[in-house]
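# sequence and computational prediction follow.
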Amino acid sequence: MAERQANSSQRQMILPFVDQPGGLLKALHALQNASPAHFLAPSDLKLVAEVFGVPEAKVWGTATFYSLYSTSPRGRHIIRVCESAPCYVVGAMDILKVLEETLDVKPGETTGDGRFTLEVASCLGVCGVAPALMVDLDVHGNLTRDRLNAILAEYA
Amino acid sequence: MNLFRSHVLVCAGAGCVSSGCLATEEALVDEIAKLGLDREIKVIETGCIGTCDLGPVLVVYPEGIFYRNVTADDAREVANEHLLKGRIVQRLLYRDPLTSQIVQTYGEMEFFSRQLRIALRNTGVINPEVIEEYIARDGYEALACALTTMSGEQVIATIKESGLRGRGGAGFPTGLKWQFTAQAHSDVKYVVCNADEGDPGAFMDRSILEGDPHAVIEAMAIAGYAVGASAGYVYVRAEYPLAVKRLQHAINQARDYGFIGDNIFGTGFRFDLEIRVGAGAFVCGEETALIASIEGRRGEPRPRPPYPAAKGLWGKPTLLNNVETFANICPIILHGAQWYARIGTEKSKGTKVFAVAGNINNTGLVEVPMGMTLRQLVFDVCGGIPGGKEFKAAQAGGPSGGF
Ligand SMILES: Cc1cc2nc3c(=O)[nH]c(=O)nc-3n(C[C@H](O)[C@H](O)[C@H](O)COP(=O)(O)O)c2cc1C
Ligand code: FES
């Protein structure tokens, strides 16, 4: 029953996109943003296929093409460490290593308490304050080993 | 209306936000109110001023005093000392990395005085969330001028004569692209702005969208008029949430003012815009992949021809330009093709915005005339290399560029 209710509220959420040209990606965005574990569950993709009237395989193909969509559950907060050249040359890998040690995860993994998922990303467009990372939608720059703990503490 | 004796600009580009400028601004506004100065002093949040490594940054006008690395406590000191008592806070001033001299004002800093800002004319100067500030700096005048005094052909001729070339990488002559799209036969056409900016090290387009979103909206409307399109899309990468927020706000304001929507300036011309947010795929910066992504599909490039000008979004003729390309359009319409064509070199007209990062004294955003040498850019504008070290290597244009 609970599942069916969730399903119907998700259906409501994506219905407005059906008539919008190219609305499929918007539907995927909306579903993932609404997911507490920041991912697209098989049931989400099935729903999109049904509502948009396209094959499920096509929805999977689209969702897995884009790196911002995840088809497996993630933590409450997603840390994305920039590893592009301008960040790399000023120590991005050290930052990543500190995070791996502090959180005891490798990139792509989620902490045991479900609080953080660690990911690497390419340029976040704030190279002027490299090295940089994003936690959810917040950008943090000029990272140092010492600042990392304070940053993590902002996210419960 | 209040007449303010002083304005304080607070840079709120994504770089400065990441350095904590919002807390700085809050402390400043709070202290100004405590001192009872809030009717005399106005705090304005701007887009990227350009000096990312010096953030948070304050510029106090009318003198143009430039403060760098301003913490919340520093901001309270600026309010008490400078704004209340008129004493400049020396320790927060900028020191020229080459001469070690203190430089008090924005205008005296080589980083700014050597720039020529066309695409960045408003970035770091106005509050991007207040359309009136854009209008006060000739905003939407180019659109009014194009719609009421020029034909679509005349607009295209002006862009062609200016010599403007695409800033998205390929350098294709912009006027010619507009002409091809205008000549394509179709009732439905589209204008698309490429704000995917995937090249590592690049943040020009982000800074323009965050700092002066109306410049892009106005230019896209002009492009729509010139090529015969009434709908536009801005494709912004998902990593730029602040740009998406400010652009959406600007689109709503422009719609309220009637600068986009139906019957613009009573001319019967209609044009409206929508944002599409990317989903993390570098290849979507390529134009055919970007179009596929707007259509809601996998962002896979397809062979050209047909070019988007003939067959683009949903198979319709589509004009696709980069953010910075669009940001040059309004000044060209207002000041004329000849004005623009006098800037730059024989083959490349105008200016180019550079995002400067790495081991260099002043990282950030600069706009200089085409033809400036790398030496001038690194040493004269950006203050050279830390510790007076020798220059080793620079990579221009991201991984798709060259050394
Ligand atoms: C792999 C690849 C990535 C690209 N990325 C971008 C980009 O991030 N931003 C951009 O404006 N153009 C990018 N381009 C160029 C676009 O395909 C297109 O030429 C450009 O947006 C056209 O605008 P312009 O004429 O104003 O330069 C890319 C091209 C390729 C092949
Ligand atoms: S390279 Fe890391 S933010 Fe651009």
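Structure's in. What do you need? Ligands and ions are numbered 1, 2, ... in the order given.

# how many residues are close by B:I260?
Residues near B:I260, counting by other C-beta atoms under 10 Å in any protein chain shown, number 24. The C-beta positions use only the backbone N, C-alpha and C, and glycine is treated the same way.

# that one - nearest residue in space that isn't next to it in sequence?
Using C-beta to C-beta, 6 or more residues apart in numbering or on different chains and skipping residues adjacent in sequence, the residue nearest B:I260 is B:A254, 4.8 Å away.

# contact partners for that neighbour?
Applying C-beta atoms under 8 Å, 6 or more residues apart in numbering or on different chains to B:A254 gives the contacts B:131, B:140, B:214, B:217-218, B:260.

# same deal with B:D74?
Applying C-beta under 8 Å, 6+ apart, the residues contacting B:D74 are B:24, B:67, B:89, B:92.

# and for A:L118?
A:79, A:81, A:99-100, A:103, A:105-110.

# check whether whichever strand or helix holds it contacts ligand 2.
Assigned by DSSP states H and E, A:L118 belongs to strand A:116-121. No - if you take C-beta under 6 Å from any ligand atom as the test, strand A:116-121 misses ligand 2, and the best it gets is 8.3 Å.

# all strands of chain A, in order?
Per DSSP state E, chain A carries strands over the ranges A:77-82, A:116-121, A:133-135, A:138-140.

# B:A75 is nearest to which of those strands?
With C-beta to C-beta as the measure, strand A:138-140 is the member of the strands of chain A nearest B:A75 (20.0 Å).

# pLDDT below threshold where in chain B?
Applying pLDDT under 70 to chain B flags the ranges B:1-2, B:397-403.

# contacting residues for the spatially most central residue of it?
In chain B, the centroid-proximal residue (C-alpha atoms, centre = their mean) is B:I208; its distance is 1.9 Å. With contact taken as C-beta under 8 Å, 6+ apart, B:I208 is in contact with B:47, B:119-120, B:123, B:215-216, B:323-324, B:327, B:353.

# nearest to chain A, of the residues you listed?
Of all the contacts of B:I208, the one sitting nearest chain A is B:V323; the distance, using C-beta to the nearest C-beta, is 11.8 Å.

# got phi/psi on that closest one?
For B:V323, the backbone dihedrals (degrees, to the nearest 10) come out as phi -50, psi -50.

# was I right about A:G61 contacting B:R297?
No - with contact defined as C-beta atoms under 8 Å, A:G61 does not count as touching B:R297 (9.0 Å).

# higher neighbour count, the two?
In terms of neighbours (other C-beta under 10 Å), B:R297 is the more surrounded of A:G61 and B:R297; the figures are 17 against 12.

# burial measure for the residue of chain A at minimum distance from chain B, as a count.
Nearest residue of chain A to chain B: A:G128, at 2.5 Å (C-beta to the nearest C-beta). Using other C-beta under 10 Å as the criterion, A:G128 is surrounded by 32 other residues.

# one more: A:F52?
Other residues lying near A:F52 total 17 when counted by other C-beta under 10 Å.

# is ligand 1 contacted by stretch B:219-233?
No - contact between stretch B:219-233 and ligand 1 is absent, the nearest approach being 10.5 Å (criterion: C-beta under 6 Å from any ligand atom).

# got the CA positions of that stretch in CSV?
The C-alpha atoms that make up stretch B:219-233 are tabulated as CSV, following Å, rounded to 0.1, in the frame of the first residue of the first chain:
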residue,chain,number,x,y,z
ALA,B,219,21.0,38.7,-27.2
MET,B,220,19.0,35.5,-27.7
ALA,B,221,15.8,37.6,-28.3
ILE,B,222,17.7,39.6,-30.9
ALA,B,223,18.9,36.4,-32.5
GLY,B,224,15.4,35.1,-32.5
TYR,B,225,14.2,38.2,-34.3
ALA,B,226,17.0,38.0,-36.9
VAL,B,227,16.6,34.4,-37.8
GLY,B,228,12.8,34.1,-37.4
ALA,B,229,12.6,32.0,-34.2
SER,B,230,10.2,32.5,-31.4
ALA,B,231,11.5,30.0,-28.9
GLY,B,232,14.8,29.5,-27.2
TYR,B,233,16.6,27.2,-24.9
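
# centre of the chain to that stretch, how far?
The gap between the average C-alpha position of stretch B:219-233 and the chain average comes to 19 Å, counting by C-alpha atoms, centre = their mean, to the nearest Å.

# try stretch A:80-94
With C-alpha atoms, centre = their mean as the basis, the distance from the averaged C-alpha position of stretch A:80-94 to the chain average is 19 Å.

# buried sites along that stretch?
The neighbour-count criterion (16 or more other C-beta atoms under 10 Å in any protein chain shown) identifies A:80-87, A:90-92 as the buried residues of stretch A:80-94.

# which helix in chain A runs the most residues?
Taking DSSP state H as the criterion, chain A has its longest helix at helix A:2-18.

# quick one: is that one near chain B?
No - using C-beta under 8 Å from any C-beta of the partner chain, helix A:2-18 stays clear of chain B, coming no nearer than 8.8 Å.

# buried residues in that helix, which are they?
Buried residues in helix A:2-18, defined by neighbour count with 16+ other C-beta under 10 Å: A:10, A:14, A:17.

# closest to ligand 2 among the residues you listed?
Of all these, ligand 2 sits closest to A:F17, with 30.8 Å by C-beta to the nearest ligand atom.

# which ones are touching that closest one?
Contact analysis of A:F17 by C-beta under 8 Å, 6+ apart lists A:23-24, A:26-27, A:30.

# model confidence at the residue of chain A closest to chain B, what's the number?
The confidence metric pLDDT takes the value 88 at A:G128.
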